Structure formats: C-alpha cells, structure tokens
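Engineer: model the following, please.
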Amino acid sequence: GLLFEDELGLETSSSTTSPPSDAKSNDMEEEYHEKYSSALNYIRGMVRTTLPPSKDGSYFVNYIDASDWQRARVQLPRVWLHGVRMEIMDLNLFHNNDGGEENGGSSSSSSVVERVPVKYTLQCSVDDGLKRLEIPLFAIPSSYQLKASSSTTTTTTTTTTKTTMEDPLTIYGQRPQPEETPSFLTTKYTELETELSKIPTDKKAAWITATQTCPSLVGESHRLMFLRCEVFHVKEAAERICNYWEKRVELFGDVLAYKPLHVGGAEGALHENRENTKEDADRVRFTWKGLYLGFMKPTMTYDTGGRAIIYADPSAFKGYNHSSDERYGVARSIWYILHHILEGNDTAQKLGVVVIGYPHNAKISYVDRKLMKMNMESITGCIPVRMGAMHICHPPWFFEKIVFPIMKVVMPDRMRKRLRVHSGSQEKVLESLKKFGLDSDVLPSDVGGDVIVDIDGWLQECKKKGL
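Structural biologist: Numbers count the residues shown, from 1 in each chain. Okay, here's the model as predicted:
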C-alpha cells in the first residue's frame, strides 16, 4: 500500500505513524520544508479559511477532527502535476521480516523480481504556478518495517517543523469567509438589495447614478467584492457601497467616476483623452504623477496565507509639494492600484492585502496628515479591500513621535491592532516578517527581499493591456 506524509499539517495527533524517509540527515528534511513552505502554508491557509466552524462556533477546529460535512466544504487551490520521480528507497532503513521471502514464497538466488520500498515524488506547482511543491508517496511491501531509529528521526523533524510554523490566516484575527454556494450567494444578493433600499436617497445618490449610467460596472461581480470585504454582513456591505461611490465621485469627478478605473483603453477613466474637460484632464495628469511618484506599488506577490502584498515607500514623496491637486492625485493612484489588485482576483477579495511600509529614508517634511486621513478613509470605509496588516520596517526616529500618533488618530481600532513595527538589523527584520508568512522571495528588495518592484514597467504593461 501507499503511505503519504501529512505535509499539510492537518494531522495533530502525536500517535500518528510518521512515514519513512530516505533522507540522509535531518538537514535535508528541514531543507524540504523550507523550500516548499510557500506552497504548504498557502494550502494550509486555504483549509483554515474555508473550513466551516464547529457547532460551538469555534473557528480553530483542525481538518482531522472536523466532521464529514465540514471537510466536504473545504476549498483547495489548483495544483498542477508536472512530473513524477521514482526511486528505490535505502534498504538500510528497513527490516525485512521475511528475510528475503515475500508473501510466503521462498527466496532464490536466481530471482530477478523482488518487491522493494519505492518512493514516488509528485512534482507540482500550486495556484499561480509560482509556488513549487513536491509530494512524497511511499509504496512499501508488507514485509518491510521501518527501523525504530529512522522512525524516531522523522517524527522529531516533522514535529519541530510544525511547532515553529505560524498560522498564516488567523495571525491577524480576520474573520473567516463562509462557503459561497450558489444558493447562499443568491440569498445574499437579495438581502443586499433590501439593505440598499433602506438607505436614504441623499446618501446613495452616486450609487443610483452608477446603476443608471454604468450598469456594467456595478453588476454582481462588483457587489460581490463588497460582500466579501464585509464577510457577507449585508448591512455593512450596503453602507460601504454607497460610501464608495460618494468618495469615487469626490475623487474622480462626475464624469471620470463612472468610467472603468483603467489607465489603458479609450474608455478608461485614467486614459489621456483629448475630449476631457480641463478639470478632468488635470485629474488624469495628477493621477499619473501620483502613480509615477511610486509611494504605493503592487509587488504582484502574496504571503503564505494568500494575501496580496503592497509596497509603500514614503521616501517617494521627495519633491511632493502638499498641494490639493497632488494630494488628490496620490489618493486616486492608490484607488487604481487597489482596484487592479482586487478586480478578478477572488483570493485577494476574500483574504485581502498586507502593506509593507519602508519609511527608512523618509523625512519629516514628507508627512501629509490630510493625505493620510484621505487614504485611511478610502481603505477602511470605501474601497472593498480587507486590510490584513500594515508592517512598518526600519522606521526612522520621527515615526514614533510624529507619524504613529497621526496614524492612531486616523486609523480605526481594528486597523491599529494590525499595525506591526519591525526594527533592527536587516536579518532581524526579515526573520520577524517570516513569522507572518512573509518570506524574502515575496518581499521588496528595499527591505532585503528578492522582488524588484518596477512601477514604470508595470504601468506601461497595464496601459498596453488596457487595464
């Protein structure tokens, strides 16, 4: 029969029989977990996110202890099989209880066929194809028994790996998403319409105009983003939709607000259209200036829980003059970036984003309290984005005395609880971020990661694709 290793960490019982390993040392096994931790943690995260709560309302039930009903509702990411590697295992790891005989048959020196332990390795990739994973399977004849020393070594290594692994989904205290069955969604769409009808007309004027002017922008996919953002609490979702459209009109004006938030394509709100009025042309121009400023940039990477990672660099405000036009331009640029991340990305809509802030080279003169307030209002009450956390790395001395007090004033309580500060050497900061499912391969190079964030190249690519 085949034995498989519990790489998802779903089995919590210490009595579980650990699989054999043909690794020559514990270091090799630790290297495996390190190499494929991104994929493993991503799968664990999907399990924890979609596993329904137990009857007592607890969200921390594990997969093994869950009921059949709960297990049936777990959603797993896509996995592609690229190849299978087969190898005979080290026979020194086993006792052959039949002494060369197999299933009652007598051994013979002339035998050319013999059953031996074989390891099959499934070479896979997970989700977007960037997360590599190898899954070991073992075919072991019944006459072979793993030696005690090998079993002990494997068990010890596996246990150590599990105890040092943080849960990538519950670490920020976010509410888990419910299962999105067709009947559930139909019910929620109906309830959302009911809640929207209860909101006074003067507080949903922009929303009403949107449904009449650009119905293609406010269909089910648009409404679903708000439902997911509020974890299907329909009253809160309805209020956010109305706040969103009021703020969108405030930022983009009565014409551009009702166009797709794209930088490319003739119909894009941020397309440099000759038919724009002077006011709209200025809005587009200052938005592009805000984008090229590069304060906020998408990394196009994800943490181990599946949240999209955004990079914020306040040192980009060098030369920023604090004028109203530039302030609104930066605010609109953030709207564009967040929309680009969210639209069509079910995982980001459900799990949200994390922000990696690197203010190390910023100066006091760069601080704009009005802009901070505008952005926080948009993120926490308008744009349908779930904010997992904000990680501030290597803050300068004035952040503690000036910036953090301002942030605490403009941030709602739930956001203040998700603010994390990482100081010290680069090595220490990277180790601290790793505890939150942020490995160096998904972090910007400025903080010591491997990702080169090219805002200019990204914008040109978006423009070409009409996004």
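Engineer: CA only for contacts and neighbour counts going forward, please
Structural biologist: Noted.
Engineer: so how far is Met300 from Ile310?
Structural biologist: Distance of Ile310 to Met300, computed by Cα to Cα, to the nearest Å: 8 Å.
Engineer: then Asn92?
Structural biologist: 46 Å.
Engineer: and those two? which has more neighbours close in?
Structural biologist: More crowded of Asn92 and Met300, by other Cα atoms under 10 Å: Met300, with 14 against 11.
Engineer: can you list contacts of the helix or strand harbouring that one?
Structural biologist: Assigned by DSSP states H and E, Met300 belongs to strand 296-302. Defining contact as Cα atoms under 8 Å, 6 or more residues apart in numbering, one finds that strand 296-302 is touched by 308-313, 334, 337, 341, 442-444, 451, 453, 455.
Engineer: quick one: strands adjacent to it?
Structural biologist: Next to strand 296-302 in the sheet, as set by DSSP bridges, lie strand 308-312 (antiparallel).
Engineer: can I get the CA coordinates of the strand it pairs with in PDB?
Structural biologist: Taking C-alpha atoms only, strand 308-312 is exported to PDB below (Å, rounded to 0.1, in the frame of the first residue of the first chain):
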ATOM      1  CA  ALA A 308      -1.700  40.300  -1.900                       C
ATOM      2  CA  ILE A 309       1.400  42.300  -0.900                       C
ATOM      3  CA  ILE A 310       1.600  46.000  -1.500                       C
ATOM      4  CA  TYR A 311       4.800  48.000  -1.000                       C
ATOM      5  CA  ALA A 312       4.600  51.600   0.400                       C
END
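Engineer: which other helices and strands contact the following helix or strand past that strand?
Structural biologist: Per DSSP H and E, the first helix or strand lying C-terminal to strand 308-312 is helix 324-342. On a contact count with 3 or more Cα pairs under 8 Å, 6 or more residues apart in numbering; DSSP states H and E, helix 324-342 meets helix 234-256, helix 278-293, strand 296-302, helix 346-351, helix 369-381.
Engineer: nearest to Gly268 among the contacts of strand 296-302?
Structural biologist: Comparing the contacts of strand 296-302 against Gly268 with Cα to Cα places Ile337 closest, at 14.0 Å.
Engineer: so for the closest one, what's the pLDDT?
Structural biologist: What the model reports for Ile337 is a pLDDT of 97.
Engineer: check Thr209 too.
Structural biologist: We have a pLDDT of 98 for Thr209.
Engineer: now the angle from the host helix or strand of it to helix 234-256?
Structural biologist: If you go by DSSP H and E, Thr209 is part of helix 205-213. Going by axes from the mean of the first three to the mean of the last three Cα atoms, to 10 degrees, helix 205-213 is angled at 70 degrees with respect to helix 234-256.
Engineer: hmm, who's touching helix 205-213?
Structural biologist: Here helix 205-213 makes contact (Cα under 8 Å, 6+ apart) with Leu217, Val218, Ile241, Cys242, Trp245, Glu246, Val249, Tyr258.
Engineer: pLDDT weak spots in this protein?
Structural biologist: Residues of the chain meeting the criterion pLDDT under 70: 1-35, 45, 48-65, 69, 98-113, 127-130, 146-169.
Engineer: tell me which residue is most central in it.
Structural biologist: Among the residues of the chain, Arg307 comes closest to the average C-alpha position under Cα atoms, centre = their mean, at 1.4 Å.
Engineer: ok, the contacts of helix 205-213 vs Thr186, which is closest?
Structural biologist: Closest to Thr186, out of all of those and judged by Cα to Cα, is Val218, at 16.1 Å.
Engineer: where's that closest one relative to Lys188, distance?
Structural biologist: Val218 is 16 Å from Lys188, by Cα to Cα.
Engineer: for Gln123, same thing?
Structural biologist: From Gln123 across to Lys188, the span is 40 Å (Cα to Cα).
Engineer: what of Val126?
Structural biologist: Taken as Cα to Cα, the span from Val126 to Lys188 is 31 Å.
Engineer: Val410 too?
Structural biologist: Distance, Val410 to Lys188, using Cα to Cα: 31 Å.
Engineer: one step back: pull the contacting residues for the residue nearest to the centre of the chain.
Structural biologist: Thr347, Ala348, Leu351, Gly352, Val353, Val354, Gly388.
Engineer: highest neighbour count among those residues?
Structural biologist: Within those, most neighbours by other Cα under 10 Å means Leu351, with 27 neighbours.
Engineer: can you tell me the closest non-neighbouring residue to that residue?
Structural biologist: Once flanking residues are discounted, Leu351 sits nearest to Arg307: 5.5 Å by Cα to Cα, 6 or more residues apart in numbering.
Engineer: same deal with Arg332?
Structural biologist: Closest residue in space to Arg332, ignoring its immediate chain neighbours: Thr287 at 5.9 Å, by Cα to Cα, 6+ apart.
Engineer: ok, that neighbour touching Arg327?
Structural biologist: No. With contact defined as Cα atoms under 8 Å, Thr287 does not count as touching Arg327 (9.3 Å).
Engineer: neighbour count winner among these two?
Structural biologist: The neighbour comparison of Thr287 against Arg327 (other Cα under 10 Å) goes to Thr287, with 27 against 22.
Engineer: which residues sit in contact with the more buried one?
Structural biologist: By Cα under 8 Å, 6+ apart, Thr287 lies in contact with Leu270, Glu326, Tyr328, Gly329, Val330, Ala331, Arg332, Ser333.
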